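> Here is the input, now give the coordinates:
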Amino acid sequence: MKVIIIGGGWAGCSAALEAVKQGADVELYERTDLLLGVGNVGGIMRNNGRFTAAEELINLGAGDFIDIMDSIAIHKNMDFPEHKHAWLCDIGKAEPLVRRYLIKSGVKIFFQSRITDVEMDGNKIKSVILADKSIINGDVFIETTGSTGSMPNCVKYGNGCVMCTLRCPSFGARVSISKKAGVEDLIGERASGIKGAMSGSCEFPRESLSDEILNQLDKNGVVVIPIPKEDIHLEKLEQKVCQQYATLEFGENIILLDTGRIKLMTSHYPIDKLRKIKGLENVVYVDPLAGSNGNSIRYLGAAPRSNSMKVDGIENLFCGGEKSGFFVGHTEAMTTGTLAGYNAVQYLKNRPLLELPTELATGDIIAYANDKIKEGKMSERPTFSGAEYFERMKVLGLYTIDKKEIKLRVENLNLTNIFSNVV
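Predicted structure coming up:
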C-alpha cells in the first residue's frame, strides 16, 4: 500500500504519520527544505476550543504532535485578549522535532520536490509528476498543499510578494493537484467579496525589542500596547485570515506574544509607525520580511470533499488542512490531516471510510466547514479558537477543558485510540 503525501505542513505531517501507523508505505513530498509550512510561524496551542480538540486528538490516538508542541511550551495556561488558557510554544524548535519523529516512524520524506502535474487513469490518479519531470507512482494520494496563492495571486489579491516563510521565489509556487486532476478549486473570500485573506501575524527577533518589553514577555507571555490614535486603521482587520483576532482590541492595540520569536498579531504594520512606539524603536521583521506592506495571501485553492476527507470526483485522492476547507490553525490541520491519512489506508483495505461524529468538536468542525461551503458562504474561516465556530462549540456544549469529560466522550463513541489501532 503506497500512500503519496503532497505537502509537508501540519496536515501533511499528520496524514503521513497516521498512514504509516496504519501499515502503509508512505512518501511525503515537500517543495521547500522545511516541514510545517505556515506552521513555522504559529505556536499558539490549546487556546479556547483548541484545548478541547487537542484532548480529543490525544484520546483518539493522534496526540503525537500535540505532545511535541506541549513539550516546547514556553508559557502555559495564559490569557490574552479574547483567548483563555493558551499555551505558547517555541515554534522554532518544532520542525526538527517533527522531522525526526516522522523519519523514526518510517515516513520517507523528499524535500525540494515540487509536484506540478498528475497522470490520470479514468477518475483515479495514477502518478504525480515532479518539476524535474520525475514520475512518482502511488496507490492513493493525499493533497495537503495548503491554500496559499502563487506570487501572482499575492500580487493580485494582496500587496505583492512579501517574502514570507513560504518562499515561493526560492522553491517555486504551490500547485493545486486536485485542479490538475480536473476538480475546480474552491476560492475563499473576505466579507467584502475580495478573494483570499492575509495571514494574520508577523514576527520580530527578540533582540530587536527593548529589555523592558522582553522582561514583560518573559514573565507574562503577552504585552498589550495601545496604538497612537492617528495610526489606528480598523478596516485592516477585515483582511485577516484569523477572524478570532479581527476584534477591536486587536485593532486598537499592538499585541505581542512570546513564541520564541515575538509574534505581532496583525497582518502587517508600517515599520516607521511601529518604531514610534516606546520599546519598539529598533524593531525589524523576520517574517514576512516585508511586514510593513502585507502578508501572504491564503484561501485560494481548497478542494470540494466529503466529511471523510475524500476529494469529490477523484476515487483515490484525499485532502487535509487548508486544502480541505478554510480552516485556521495547527490543531485544525492535525485533525483533518490525521483523518485523511487514516481513510486513505482504509480505502486501500476496502474498508468503510470513517467520518468523525459531530458529538466531538473534531468531527463537528469538519462537517460544519463543509456545510458552510455548500451553502456558498466562502468568507467564514472555521477555527476552534474563536469567531463563529467557537461560539457554536459553546452553544452545542462541545467546549470544555475537563479532560475526564473529553475522555469519556470519546470512550462512549467507541473511538478511543482509533487512530493508533491498526484495523
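> what's around Ala367, how many residues?
Ala367 sits with 15 neighbouring residues when counted by other CB atoms under 10 Å. Bear in mind the C-beta positions are built from the backbone N, C-alpha and C, glycine included.
> How about exporting the helix or strand where it lies as CSV, limited to the C-alpha atoms?
Per DSSP states H and E, Ala367 falls inside helix 361-374. Taking Å, rounded to 0.1, in the frame of the first residue of the first chain, the C-alpha atoms of helix 361-374 are listed here in CSV:
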residue,chain,number,x,y,z
ALA,A,361,-15.6,19.0,18.2
THR,A,362,-13.1,17.5,15.8
GLY,A,363,-15.9,15.9,13.8
ASP,A,364,-18.3,18.8,14.1
ILE,A,365,-15.9,21.3,12.6
ILE,A,366,-15.2,19.1,9.6
ALA,A,367,-18.9,18.8,8.9
TYR,A,368,-19.6,22.4,9.7
ALA,A,369,-17.0,23.7,7.3
ASN,A,370,-18.3,21.6,4.5
ASP,A,371,-21.9,22.7,5.2
LYS,A,372,-20.9,26.4,5.0
ILE,A,373,-19.1,25.9,1.7
LYS,A,374,-22.1,24.1,0.3
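> in that helix, what counts as buried?
Ala361, Thr362, Gly363, Asp364, Ile365, Ile366, Tyr368, Ala369, Asn370, Lys372, Ile373 (16 or more other CB atoms under 10 Å).
> Which of the residues you listed sits closest to Lys219?
Closest approach between those and Lys219, by CB to CB: Ala361, at 31.9 Å.
> Contact partners for the residue lying closest to that closest one once chain neighbours are set aside?
Closest residue in space to Ala361, ignoring its immediate chain neighbours: Leu398 at 4.5 Å, by CB to CB, 6 or more residues apart in numbering. Counting by CB atoms under 8 Å, 6 or more residues apart in numbering, Leu398 touches Gly49, Thr52, Leu360, Ala361, Asp364, Arg392.
> one more time with 10 Å
Neighbour list for Leu398: 49, 52-53, 56, 358-365, 384, 389-390, 392, 406, 409 [criterion: CB atoms under 10 Å, 6 or more residues apart in numbering].
> What of Leu300?
So Leu300 contacts 146-150, 153-154, 156-157, 174, 176, 185-188, 195-197, 322 (CB under 10 Å, 6+ apart).
> Show me how the chain divides into domains.
The chain breaks down by automatic domain parsing into domains covering 2-194+297-412, 198-274.
> Please identify the most buried of those.
domain 2-194+297-412 (a mean of 21; mean count of other CB atoms under 10 Å).
> Can you show me the helices along this structure?
With DSSP state H, the ranges of helices along the chain come out as 10-21, 49-60, 64-71, 94-105, 151-157, 168-171, 177-180, 211-220, 248-252, 271-274, 330-348, 361-374, 387-396, 403-412.
> Any chance of CSV for those helices, columns mean pLDDT?
Output for the helices of the chain, formatted as CSV (pLDDT from 0 to 100):
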stretch, mean pLDDT
helix 10-21, 98
helix 49-60, 98
helix 64-71, 98
helix 94-105, 98
helix 151-157, 88
helix 168-171, 94
helix 177-180, 97
helix 211-220, 97
helix 248-252, 75
helix 271-274, 94
helix 330-348, 98
helix 361-374, 97
helix 387-396, 96
helix 403-412, 98
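> As TSV, those with distance to Glu27 would be great.
Output for those, formatted as TSV (distance: least, CB to CB, whole Å):
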stretch	distance to Glu27
helix 10-21	8
helix 49-60	24
helix 64-71	19
helix 94-105	11
helix 151-157	27
helix 168-171	18
helix 177-180	14
helix 211-220	40
helix 248-252	41
helix 271-274	42
helix 330-348	12
helix 361-374	25
helix 387-396	33
helix 403-412	31
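> Done for today, thanks.
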